[in-house]
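Enquirer: this one's sequence-less:
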């Protein structure tokens, strides 16, 4: 059945495609760019463009469509930074959510692994890896915080819903308060 999961349809195939395409294209280009060109500047520009397209696509399109989350960072007038989060109330498509979260964690890991030989060789490509890693890390941190915030809101809503149900149940079981007509004396307390 796991093999059949690969062919399970998704709700947003275009978003899934571009979510994975820019990530894979940036990695592929990084790994094989020297086969096609020895010009570091050209390779740098192409890879950074792909990584930038990936960052923008994940942050502004696939995050919203595949998992129903959106994040951004707002700088206040006093210079402080504030994380802002949005989440859809409906549950995401399970297959799309798996694709989103797995790729969100695996691609930064791949860039970390690629950073090791670039750093050990003292290659100029360490700059490319640093930019790719920072943009991937920004999305990873943003969506992790956003997901945590969405879960906290969901837990809070569930708690409030449970509390209102309990209040309704107790109010229907509890005896009605004794009503005393205006001007009448309340009954004397029992012995």
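Expert: Received, thanks. Since the structure is predicted, the reported quantities are computational estimates derived from the model, not experimental observations.
Enquirer: for the residue nearest the centre of the chain, pull up the helix or strand it's in.
Expert: In the chain, the residue lying closest to the centroid (CA atoms, centre = their mean) is residue 143, at 2.8 Å. Using DSSP states H and E, the element containing residue 143 is helix 126-173.
Enquirer: mean confidence (pLDDT) on that helix, please.
Expert: The pLDDT scores in helix 126-173 average 73.
Enquirer: the closest residue to residue 145 other than its chain neighbours: how many residues sit nearby?
Expert: Among residues not flanking residue 145 along the chain, residue 83 sits closest, at 5.9 Å (CB to CB, 6 or more residues apart in numbering). Glycine gets a C-beta too; all of them are placed from N, C-alpha and C. Using other CB atoms under 10 Å, residue 83 has 13 neighbouring residues.
Enquirer: mind giving me the packing neighbours of the helix or strand containing residue 83?
Expert: Here residue 83, judged by DSSP H and E, is contained in strand 81-87. Secondary-structure packing of strand 81-87 (3 or more CB pairs under 8 Å, 6 or more residues apart in numbering; DSSP states H and E): strand 69-75, helix 126-173.
Enquirer: could you rerun that using 10 Å?
Expert: Judged by 3 or more CB pairs under 10 Å, 6 or more residues apart in numbering; DSSP states H and E, strand 81-87 is in contact with helix 63-67, strand 69-75, helix 126-173.
Enquirer: what pairs with it, and is each one parallel or antiparallel?
Expert: Applying DSSP bridges, strand 81-87 is found paired with strand 69-75 (antiparallel).
Enquirer: give me the low-pLDDT residue ranges for the protein?
Expert: 1-8, 149-181, 183-191 (pLDDT under 70).
Enquirer: hmm, 80 instead?
Expert: 1-8, 85, 87, 89-91, 146, 148-191 (pLDDT under 80).
Enquirer: residues in contact with residue 148?
Expert: residue 85 (CB atoms under 10 Å, 6 or more residues apart in numbering).
Enquirer: stretch 122-142: how far from the chain's middle?
Expert: 19 Å (CA atoms, centre = their mean, to the nearest Å).
Enquirer: swap in stretch 119-132?
Expert: That offset, for stretch 119-132, works out to 27 Å (CA atoms, centre = their mean).
Enquirer: likewise for stretch 117-137?
Expert: Worked out by CA atoms, centre = their mean, stretch 117-137 lies 24 Å from the chain centre.
Enquirer: could you do stretch 91-105 as well?
Expert: Per CA atoms, centre = their mean, the centroid offset for stretch 91-105 relative to its chain is 9 Å.
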